[in-house]
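Peer 1: Dropping a prediction and its sequence here:
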Amino acid sequence: MILSSFLVIWNTVGDSREEPSALAIGLALALAFFLLIVVPIIGLAQSIGKLPPRKIKPRYKLFLAEIPLYRHLDPKAKQRFEKRVQYFINQKQFIPRSRGLVIDDRKKALIAGTAVELTFGFTRFNFDHFQRILIYRDNYYSKISQQYHQGEVNIRGLIVLSWTNFEKGNADREDGINLGVHEIAHALKLENKIINRNHSFIQPKDYKDFQMAYKSFIDGYGNAHGFLRDYAKTNIHEFFAVCCENFIERPKEFQSKVPALYRLMVRILRQDPAAIY
Ligand SMILES: [Zn+2]
């Protein structure tokens, strides 16, 4: 039906006594192919979570107001944020690891929201390597390190979080300590190394500057002391994670107290939260 009407319109515009040209037939077939084959496939892929969804489900959107960056975005950027949250939720498996722990919509929305918040500067970013998110109720014992942990990221593609500590991090959004941002930052830095469509998004020059910033920090130079907590000295991975926590939680303070490092983080993460909130 669509194909024949298109041909009729084409003929009315041209000379109705002539046969439709090869171009007209080609265009009509392309249009029919798009409408009858491509559009339904996109719809199906969106519904089963293989492609970015057109919009967020209201039951998740409800909780995004808890995320500072989201609250400060304009309506268009808010929509982009929402779609990315829904895509993250569609793509990942959320697995409870404590008896009786329920993974409700709020948990999913806030974890996905944290991942989108940290990577909102990138055009497309969905932590392809990390497919499973394990959630414990509280600190958990690791048989490997023989210690209690609050969270970790595993190269096998796991992000592990303890919910009490995740909530604690969000309860004070100005102290530069946020477990969710911290673990997501570890995942982000690993994604940069792993060869997939997300790798090498940190420019080599920026990473070199970051290595130098870390060296100055552990050598006691610069003004990051007293602003970043001492845990950032552990190694460059922890330094990156702690920088991300401060970048997200107190960007204005970060910018005024350690301007050079803040500017470098803006280049690495391609966003400038101090300019937004
Ligand atoms: Zn860490």
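Peer 2: Ah, there it is.
Peer 1: what separates Ser21 from the ion, distance-wise?
Peer 2: As defined by CB to the ion, to the nearest Å, Ser21 lies at a distance of 65 Å from the ion. C-betas here are computed from N, CA, C, even on glycine.
Peer 1: Tell me, how many residues neighbour that residue?
Peer 2: Close neighbours of Ser21, defined as other CB atoms under 10 Å, add up to 11.
Peer 1: Local confidence estimate at it?
Peer 2: At Ser21, the pLDDT value in this model is 84.
Peer 1: One more: Pro40?
Peer 2: Looking at Pro40 specifically, the model assigns a pLDDT of 65.
Peer 1: Same question for Asp15.
Peer 2: Asp15 is assigned 47 on the pLDDT scale.
Peer 1: Ok, Asn223 next?
Peer 2: Asn223 is assigned a predicted lDDT (pLDDT) of 86.
Peer 1: A strand includes Leu161, no?
Peer 2: Yes. Note on Leu161: a strand contains this position according to DSSP: H, G, I helix; E, B strand; the rest coil.
Peer 1: Asn196 versus that one, what's the distance?
Peer 2: As judged by CB to CB, to the nearest Å, Leu161 and Asn196 stand 22 Å apart.
Peer 1: Looking at those two, which has the bigger crowd around it?
Peer 2: It is Leu161, of Leu161 and Asn196, that has more neighbours when counted by other CB under 10 Å, with 28 against 9.
Peer 1: Give the helix, strand or coil label for the closest residue to Ile103 other than its chain neighbours.
Peer 2: Spatial nearest neighbour of Ile103, excluding adjacent residues (CB to CB, 6 or more residues apart in numbering): Phe94 at 4.6 Å. What three-state DSSP gives for Phe94 is strand.
Peer 1: Give me the below-cutoff pLDDT ranges for the chain.
Peer 2: For the chain, the stretches flagged by pLDDT under 70 are 1-18, 39-50, 198.
Peer 1: what about the strands in it?
Peer 2: Read by DSSP state E, the chain holds these strands, from start to end of the chain: 93-96, 132-136, 140-142, 147-149, 151-154, 158-162.
Peer 1: Find the residue at the geometric middle of this structure.
Peer 2: Nearest to the centroid of the C-alpha atoms of the chain, with distances taken as CA atoms, centre = their mean, sits Val116, at 3.1 Å.
Peer 1: give the contact list for it.
Peer 2: The neighbourhood of Val116, defined by CB atoms under 8 Å, 6 or more residues apart in numbering, consists of 81, 84-85, 88.
Peer 1: No further questions, thank you.
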